[in-house]
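Colleague: Predicted coordinates and the sequence they were generated for:
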Amino acid sequence: MVYDAAVIGAGVTGAFIARELSRYQLNVCLLEKEEDVAMGTTKANSAIVHAGYDAKHGTLKSLLNVRGNALMEQVTRELGVPFKRIGSLVLAFNEEDRSVLEQLYQNGIQNKVPGLRLLNAKETVAMEPNVSHRVVGSLYAPTAGITCPYELALGAVENAVQNGVDLKRDCRVLDIRKEKSMEKGQENFVLTTEQGEIRASYVVNAAGVYGEIVSEMVQERSFTIHPRKGEYLLLDKSQGNLVHSVIFQTPTKMGKGVLVTPTVDGNLLTGPTSLDVSEKDDVGTTAEGLEKVRKEAGKSVPELPFRDVITSFVGLRATPDTGDFIIEASGTVKGFLNVVGIESPGLTAAPAIGEYAVDLLKKEGLPLVPRGDFQSVRKPIVRFREQTDEEKQRLIRENPLYGNVICRCETITEGEIVDSIRRPAGARSLDGVKRRTRAGMGRCQGGFCTPRVAAILARELRIPEEKVTKKGKGSELLVEKRGSSC
Amino acid sequence: MLNVDLAVIGGGPAGLAAALEARKNGIEKVLILERDKELGGILQQCIHNGFGLHYFGEELTGPEYAERFVEQVEEQGIPYKCDTMVLHLSRDRTITAINRTDGLMKIKAKAVVLAMGCRERTRGALNIPGSRPAGIYTAGTAQRFVNMDGYLPGRKVVILGSGDIGLIMARRLTLEGAEVRMVCELLPYSGGLNRNIVQCLEDYQIPLKLSHTVTNIFGKERLEGVTVAQVDSSRQPIRETEEYVPCDTLLLSVGLIPENELSREAGVPLDRLTSGPIVKETMETCVEGIFACGNVVHVHDLVDFVTRESITAGRCAAEYIRKQKDAGSVPGEDRKTGGSAQDQNKDVAAEAGCQSDGIQTVASDGIKYVVPQYAGRGEHPEGLKLFFRVDGIYRNVRIAVQCDDHEIYSVRKRKVAPGEMETLTLKPELLGDLNTCSELRVELVSQDK
Amino acid sequence: MEERKLTCIVCPMGCQLNVTLNGNTISRVTGNGCKRGSAYAREECTAPRRVLTTTVPVAGGAFPLVSVKTERTVPKEKIRQCMEEIHHIHASAPIRIGDVLLENVCDTNVHVVATRNVPAAGTKAESPKVRNEDRSESMQ
């Protein structure tokens, strides 16, 4: 068969494009090279829903940021994804910073960002008592917020799958060519993948840091995407209340600075560093990077208790050389759309990028006939811990697996873990379960639940336990079953 | 609502000993809540021998040591619930717990013993840079894979940290056919018992690299190797000594942390030095009717001491329950601290209560911590037992106890090390002056002149 | 004449012992802080012995493995060989703590015994592990 559209890359961008396409009477496939969705830039970033004062007025970034921000409430409600509009503060520590804030403010007004206000030192400290008292002023943006990036992507993918999109994981695209279509008497694309050839009339390149590689499969290079590495520290939940909004530093020539923010799960997150790297899979933290985060974050919030760090991680931003999102149909190859260079504020913009990209496909000739049976709502995994006692009681009565706590730190039950595996686009690895349920994300970082989750995965996927992986092929947790003689 | 006299949270060695002792002291309605599928706690995966030398005078394996208590629990008919997770403990001693068969339960107890044990420190807490591949486990997780589930987690192993579980796992994995390349220890001395260094490392020619740490982690899917470097006196890696060690597994044995989420919820004040509840010599915390024992209070190196401490907790909890009954007070109507106080500073207030009731013990020169943190001002017919750890390796020292500035006790030690918990007993006759004393200070005095 | 260095494990002191060996007889022990150290050195240098603990897979058990030990110490040099023999044990539930699973391992005159109970799978003793004294207390 020939798909009407193939979306390459199941990060948050590809996820929302696929979901948007699933509103119409189309055969769509979503191709992901990793064993799970949301494994690239989407997996590890600041998780901020930006207000939109930062992106330069008139750019695609500014347009889609503000639109994405406005869509976020509805989208997260439909997809059952956490989102908190907690507001943000950009801190200024000197007069030079303050004049930058003034420019940001003006830019934000032009971008139509609602509710922006410049605060003096006193107002700032009143709002966030734990920020450095060296602060001289700040820019307050009430519409900024926080979400969980991979849950947002997962929600969009699951919803797309619910509405008929074919998700293919472990399906790297190796080559793309055009051929005359037998069925439709016109040209279509042939994608050579790890799972054989896939045919599609339209192709969307949402391959993140690999975007230029995919683009070059069909056309001359017209842009480059640099991976830019950012290192983060995540602190224990006991510290989640240290600040209540997203705390940015004033951007300088040296960079955008390090932020400090609560997460939707109540932890405290700080980072990122910013370093251009050559490898597209360089996700190792460094001693220097983490030290830099500690030092820089301390400028905003002096009392950060780094002894409560529970983990550190690296995110790679897909930084384009153009300075703006690249969302455009190929000038030379009809039916091919690049959606690349989606660096910050890409997470915020994602729902708007979905709309924008599908609109471009329409202009390219893709017929959009709405489906009558589109389901906009995705049922999230029930979070046992967040239920009332009565609800908990009911859940266990209906399914005793909810009475079995697997992850002690986060109170994640077997019921939730089984759900995360069995649902559409379900988890197939330890990390997959972790991202969907938070099992293993707490203080003990999986020390207690890893063997137990591995056993459940083996049972549910009907594979031997020694085949259970952390994150796909090659990352098996165990090497051998001992004494299997009987 | 289920009403019990004593609820014991945790069915490991601490909880079992406390429950048994309470029953021996006449408490009928005891209930043990255990999250795992059987009683015994972490001992069930500690299949090596060396347990019980102090308490039973013989050498037992972990499961055997556990079984001695489990058997008695069965004989005594003490009720327990396995596969049962306590979700919440409130200050008025109401427990919310779940399991598959009972669903969600509320349990009201006249007294509670906290016996949740501890968890292992992780890579995150150490901030080792590098990638995040499969093959990095805490030593205890690996121990469970091997000893309970029957799987080998890797073939070429580096162990970071020379805590006892790490040393034990070095031997265990070697016996199961893995190659343990080395054990690295950040400090210039091992945190484990001597006997384990000899029998687990030296017996198998596994190098122990003191003052070494893992500086980087490599491998995308599965671990491929680590770099190991010597550290200087301020524990910073010396770059020139960095060496790449190929391995598919890194085990972390870098310390244990008492698991006190439930204690915190109940407003039980914790000691920053032990990370466990502040306790009196009765093992009662600063919240009335809530007792604690074992590794949830402070990390022990020998289970025998856990047992002893838990017997104290069980006995004193029993005494507390009897007194409440005699006084005819309604359980849970906590006269001193009130019910579900929303007060942010409730644990501060609770500690003030502890303070007014007893004499504080203080870890002074060379001492890391002292348990119990408070001793009652009343009689101590059996003397007062103090547990403590030193903060470094010292030779030829005197351990002294000062009652304000008056030395009431002193003992000579040829060698003390942080890896071995120390204990001393102040005889009743020494404690006569306690009423006049504001604090008991434990300190190390050098004998080298 | 041979010199050997040992760490004494009798007490937490960890004395560094120097043992002078003359073939299989010990002529001198130094570095020990007490008599027990000397005794330890003598046995450790002439005939070191260890208790071996490991696990054996169980067929039909509530748990996949049973932990085992050599009832007494076995010669240290036979540890590997003993592991090999123990690997060939076929055990079936139910198993009681103390059950002999292998007699006279490697001709050492020492038995390998179970160190825990493993009830048969699906039996009453297995699950649910709940003992309720008085259900009437419960008002569900």
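Modeller: That came through, no problem. Residues are numbered from 1 along each chain as shown, chains lettered A, B, ... in the order given.
Colleague: Can you list the low-confidence ranges for the stretch 1-150 of chain B?
Modeller: Filtered on pLDDT under 70, the stretch 1-150 of chain B yields the residue ranges B:124-125.
Colleague: My guess is residue B:65 contacts residue B:16. True?
Modeller: No: judged on CB atoms under 8 Å, residue B:65 makes no contact with residue B:16 at a distance of 10.1 Å. Every residue, glycine included, has its C-beta placed from N, CA and C.
Colleague: higher neighbour count, the two?
Modeller: Between residue B:65 and residue B:16, residue B:16 has the larger neighbour count (other CB atoms under 10 Å in any protein chain shown), namely 31 against 26.
Colleague: excluding its backbone neighbours, what's nearest the more buried one?
Modeller: Among residues not flanking residue B:16 along the chain, residue B:69 sits closest, at 3.9 Å (CB to CB, 6 or more residues apart in numbering or on different chains).
Colleague: for residue A:102, what are its contacts?
Modeller: residue A:118 (CB atoms under 8 Å, 6 or more residues apart in numbering or on different chains).
Colleague: now it: how far from chain B?
Modeller: 38 Å (CB to the nearest CB, to the nearest Å).
Colleague: measure that residue to residue A:123 for me?
Modeller: 16 Å (CB to CB, to the nearest Å).
Colleague: tell me the contacts of the residue nearest to residue B:16?
Modeller: Per CB under 8 Å, 6+ apart, neighbours of residue B:69: B:13, B:16-17, B:20, B:39-40.
Colleague: so how far is chain A from it?
Modeller: 22 Å.
Colleague: Help me confirm that that residue is found in a helix?
Modeller: Yes: assessed with DSSP: H, G, I helix; E, B strand; the rest coil, residue B:69 lies in a helix.
Colleague: where's it relative to residue B:220, distance?
Modeller: 46 Å.
Colleague: Same check on residue A:58?
Modeller: 40 Å.
Colleague: between those two, which one's more packed in?
Modeller: Under the neighbour definition other CB under 10 Å, residue A:58 and residue B:220 were set side by side, and residue B:220 has more, 17 against 12.
Colleague: Can you tell me the SS state at the more buried one?
Modeller: Residue B:220 ends up coil, using three-state DSSP.
Colleague: need the contact list for it.
Modeller: Neighbour list for residue B:220: A:281, A:474, B:131, B:133 [criterion: CB under 8 Å, 6+ apart].
Colleague: any idea which of the residues you listed has the most stuff around it?
Modeller: residue B:133 leads the contacts of residue B:220 on contacts (other CB under 10 Å) with 21 neighbours.
Colleague: For the nearest residue to residue A:343 once chain neighbours are set aside, list the residues it contacts.
Modeller: Using CB to CB, 6+ apart and skipping the chain neighbours, the partner closest in space to residue A:343 is residue A:317 (4.5 Å). By CB under 8 Å, 6+ apart, the residues touching residue A:317 are A:41, A:45, A:227-228, A:230, A:343-344.
Colleague: where does residue A:317 fall, helix, sheet strand or coil?
Modeller: Residue A:317 is classified as strand under three-state DSSP.
Colleague: Residue A:178 versus that one, what's the distance?
Modeller: 32 Å.
Colleague: Likewise for residue A:433?
Modeller: Counting by CB to CB, the gap from residue A:433 to residue A:178 is 40 Å.
Colleague: for residue A:27, same thing?
Modeller: Residue A:27 is 19 Å from residue A:178, by CB to CB.
Colleague: ok, and the closest non-adjacent residue to the single nearest residue of the stretch 151-300 of chain A relative to chain C?
Modeller: Chain C sits closest to residue A:170 of the stretch 151-300 of chain A, with a gap of 30.5 Å, by CB to the nearest CB. In this structure, residue A:170 finds its nearest non-sequential neighbour in residue A:35, 5.4 Å apart by CB to CB, 6+ apart.
Colleague: And for residue B:278?
Modeller: Nearest in space to residue B:278, with sequence neighbours left out and distances taken as CB to CB, 6+ apart, is residue B:373 at 4.5 Å.
Colleague: who touches residue 269 in this structure?
Modeller: As the question left the chain open, I've gone with chain A. Counting by CB under 8 Å, 6+ apart, residue A:269 touches A:46-47, A:232-235, A:259-263.
Colleague: Chain B was what I was after
Modeller: So residue B:269 contacts B:277-278, B:285-287, B:347-348, B:350-351, B:354 (CB under 8 Å, 6+ apart).
Colleague: run the last query once more with 6 Å
Modeller: Listed by CB atoms under 6 Å, 6 or more residues apart in numbering or on different chains, the contact partners of residue B:269 are B:278, B:286, B:347, B:350-351.
Colleague: Nearest residue to residue A:30 in space, please, no chain neighbours.
Modeller: residue A:18 (4.4 Å).
Colleague: The helix or strand hosting that neighbour: how far from the chain's middle?
Modeller: In the assignment (DSSP states H and E), residue A:18 maps to helix A:12-21. Helix A:12-21 has its C-alpha centroid displaced from the chain centroid by 12 Å (CA atoms, centre = their mean, to the nearest Å).
Colleague: Let me know the average pLDDT across that helix.
Modeller: The average pLDDT for helix A:12-21 rounds to 98.
Colleague: list the helices and strands the following helix or strand past that helix packs on?
Modeller: Sequence-wise, the next helix or strand downstream of helix A:12-21 (DSSP H and E) is strand A:28-31. Applying 3 or more CB pairs under 6 Å, 6 or more residues apart in numbering or on different chains; DSSP states H and E, one finds that strand A:28-31 contacts strand A:2-8, strand A:166-168.
Colleague: Tell me the strands beside strand A:28-31, with direction?
Modeller: Strand A:28-31 has the following strand partners under DSSP bridges: strand A:2-8 (parallel), strand A:166-168 (parallel).
Colleague: so of those, which one's packed in deepest?
Modeller: Ranked by mean neighbour count, the strands paired with strand A:28-31 are led by strand A:2-8 with a mean of 25 (mean count of other CB atoms under 10 Å in any protein chain shown).
Colleague: Contacts for that strand, please.
Modeller: Counting by CB under 6 Å, 6+ apart, A:14, A:17-18, A:21, A:26-31, A:173, A:183, A:188, A:199-207, A:214 sit against strand A:2-8.
Colleague: How about stretch A:152-165?
Modeller: A:10, A:12, A:15-16, A:18-19, A:22, A:28, A:30, A:37-38, A:42, A:79, A:81, A:167, A:374-375, A:378, A:424-425.
Colleague: Tell me how chain B divides into domains.
Modeller: B:2-118+B:257-341, B:122-254, B:358-449 (automatic domain parsing).
Colleague: before we move on, what about chain C?
Modeller: If you go by automatic domain parsing, chain C breaks into C:2-47, C:53-114.
Colleague: In JSON lines, list the ones you listed along with distance to residue B:360, mean pLDDT and mean neighbour count.
Modeller: Putting the domains of chain C into JSON lines (distance: least, CB to CB, whole Å; pLDDT from 0 to 100; neighbours: other CB atoms under 10 Å in any protein chain shown) gives the following:
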{"stretch": "domain C:2-47", "distance to residue B:360": "28", "mean pLDDT": "85", "mean neighbour count": "16"}
{"stretch": "domain C:53-114", "distance to residue B:360": "43", "mean pLDDT": "96", "mean neighbour count": "18"}
